[in-house]
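J.: Just to be clear, the model below is a prediction. Sequence and coordinates:
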Amino acid sequence: MAYNKIANQFTSIEQLSQQYLKNKTSSETHENKNFDFADILKKKQDATNDISAELKFSKHATNRMASRNINLSTSQSKRLEAGVQKASEKGINESLVIVDSMAFIVNIKNKTVVTALNQEESKSNIFTNIDGAIIM
């Protein structure tokens, strides 16, 4: 395991691995010792809660809102999110959430608005494939 001064290269793989890999493995073990399982779990749960807290609109719902001229104010949007939260607490999977004169079908697990109806569209008063309704 000699160093080749003429070609400026190492002459063996063992010498390379000792020089480059030894430092990385020792630093990795020191980093992993500083973390507690409870800390890692809490960070993952917080990250999941931040992602899932945001209400999303499916492409279909967005198209329906545009074609039916449905616009949500910030207060209506907050009430819709509060309705989704209440439905989640009650264990509802697919919910009808009514905000003022608008109706929304929401997949609670994914926090996604599936479709939106205005007052004229919801006059038939028939909603299928839901297991709960929230009136805000």
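T.: Cool, the structure landed.
J.: What ranges in the protein fall below the confidence cut-off?
T.: 1-11, 16, 19, 22-34, 47-53 (pLDDT under 70).
J.: got the domain boundaries for it?
T.: 12-49, 55-135 (automatic domain parsing).
J.: Just say which of those domains is most tucked in.
T.: Burial of those is given as mean neighbour count (mean count of other Cβ atoms under 10 Å); domain 55-135 ranks first at a mean of 16. (Each C-beta comes from the backbone N, C-alpha and C, glycine too.)
J.: Strands of this protein, start to end?
T.: Assigned by DSSP state E, the strands in the chain fall at 3-4, 9-10, 56-57, 94-99, 102-107, 112-117, 132-135.
J.: mind listing the helices for the protein?
T.: Assigned by DSSP state H, the chain shows helices spanning 13-33, 37-52, 59-67, 74-89.
J.: Could you check how far the third one is from the centre of its chain?
T.: What that stands for is helix 59-67. 21 Å (Cα atoms, centre = their mean, to the nearest Å).
J.: relative to strand 102-107, how tilted is that helix?
T.: On the basis of axes from the mean of the first three to the mean of the last three Cα atoms, to 10 degrees, helix 59-67 is oriented at 170 degrees to strand 102-107.
J.: what helices or strands is helix 59-67 leaning on?
T.: Packing partners of helix 59-67 (3 or more Cβ pairs under 8 Å, 6 or more residues apart in numbering; DSSP states H and E): strand 112-117.
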